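>>> Quick check, what structure comes out for this input:
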Amino acid sequence: MTSGPDERDFIQSIERGFAVLLAFDEERATPTLAELATATGLSRPAVRRILLTLQRLGYVRSEGTRWTLTPRVLSIGQHYSASHAMIELAQPHLLELSAKTGESASLAALDGRDVVYVARVPVRRIMSINVSVGTRIPAFATSMGRVLLAWAPDVVVEEVVAGGLPALTRHTVTDAGEFRAALRQVRSDGWSIVAEELEIGLLSVAAPVRDRTGEVVAALASSMSVGRSSVEELRGEVVPLLLDAAERISADLGHKSSARREGFY
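From the prediction side, this is the model:
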């Protein structure tokens with residue numbers, strides 16, 4: 001049986017190299033070779049060769065039996081930011097939104113089953129994890145993810161559903177039918193509010209950002225703790241500010257809004 005073009009063009013060594021790089025995280029900031037082998041499922045000799053290659057390229061360094069990333073890895077994300085005008089255009093709007101609400105403002109894009117923060121103005125730490133540019137969180141349980149999935153192709157939504165909707169808290173929507181209904185509601189409203197589905201005590205509201213073709217390319221969000229706001233207050237006070245900011249970012253990207261409110265087509 002002949003391999004398809006996708007298989008023939010796939011370079012496994014690059015995949016393994018990225019697997020090792022991505023194994024460095026908050027819990028494994030300075031892992032040993034053995035820990036990286038366990039985390040990636042690769043053999044120790046393979047991990048050793050990858051580490052030595054990355055060391056030669058300047059992306060990791062050894063500290064005795066442990067390894068650590070070097071600041072050079074930041075250049076990878078920097079190239080993404082530099083090549084995406086949206087991030088630069090959105091930054092002043094994020095700052096203004098954060099100033100008006102007194103809460104954190106974020107811009108995120110969909111990547112597989114996750115949303116990835118691509119720009120952020122933090123005000124205070126409200127999640128158990130340290131959220132920064134590059135942080136990934138499950139799309140299905142977040143307002144940003146709901147917005148991005150609401151306008152995503154059906155096949156993307158079905159892939160997320162097929163991957164499972166685990167209960168992250170007692171409030172998480174885990175039923176596939178209910179989840180699809182929630183996405184239809186988001187598309188109808190033009191925004192999404194998610195309360196305590198990702199973490200207890202976390203509230204977030206998001207709206208779509210569109211490019212000049214009308215495609216939803218990102219989600220703009222404001223997040224806060226339950227003690228500082230409520231769903232009703234978000235709906236009445238924050239949603240209008242968020243929609244205005246999202247529309248202005250979209251306009252900067254070349255999108256021409258009409259009077260129609262549904263997702264501000």
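
>>> Let me know the average pLDDT across stretch 75-87.
When pLDDT is averaged along stretch 75-87, the result is 64.

>>> brain fart, stretch 196-216
Per-residue pLDDT over stretch 196-216 has a mean of 93.

>>> One more: stretch 152-164?
Mean pLDDT, stretch 152-164: 94.

>>> and what of stretch 61-68?
In the prediction, stretch 61-68 has an average pLDDT of 91.

>>> How about stretch 100-113?
What stretch 100-113 shows for mean pLDDT is 91.

>>> Tell me how far it lies from the chain's centre.
With CA atoms, centre = their mean, to the nearest Å as the basis, stretch 100-113 stands 8 Å off its chain's centre.

>>> Restrict that stretch to CA atoms and write it as CSV.
Provided in CSV are the C-alpha atoms of stretch 100-113 (Å, rounded to 0.1, in the frame of the first residue of the first chain):
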residue,chain,number,x,y,z
LYS,A,100,-12.3,50.5,31.2
THR,A,101,-13.2,47.3,32.9
GLY,A,102,-10.4,47.1,35.4
GLU,A,103,-10.0,43.5,34.5
SER,A,104,-7.6,41.4,32.3
ALA,A,105,-8.1,41.5,28.6
SER,A,106,-6.9,38.8,26.2
LEU,A,107,-6.8,37.8,22.5
ALA,A,108,-6.8,34.2,21.6
ALA,A,109,-6.8,31.9,18.5
LEU,A,110,-8.0,28.4,18.0
ASP,A,111,-5.4,25.6,17.7
GLY,A,112,-6.9,22.1,17.6
ARG,A,113,-8.9,21.5,20.7
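
>>> from the chain's centre, how far out does stretch 163-175 sit?
Taking mean C-alpha positions (CA atoms, centre = their mean), stretch 163-175 and its chain are 18 Å apart.

>>> typo on my end, it should be stretch 154-163
With CA atoms, centre = their mean, you get 17 Å for stretch 154-163.
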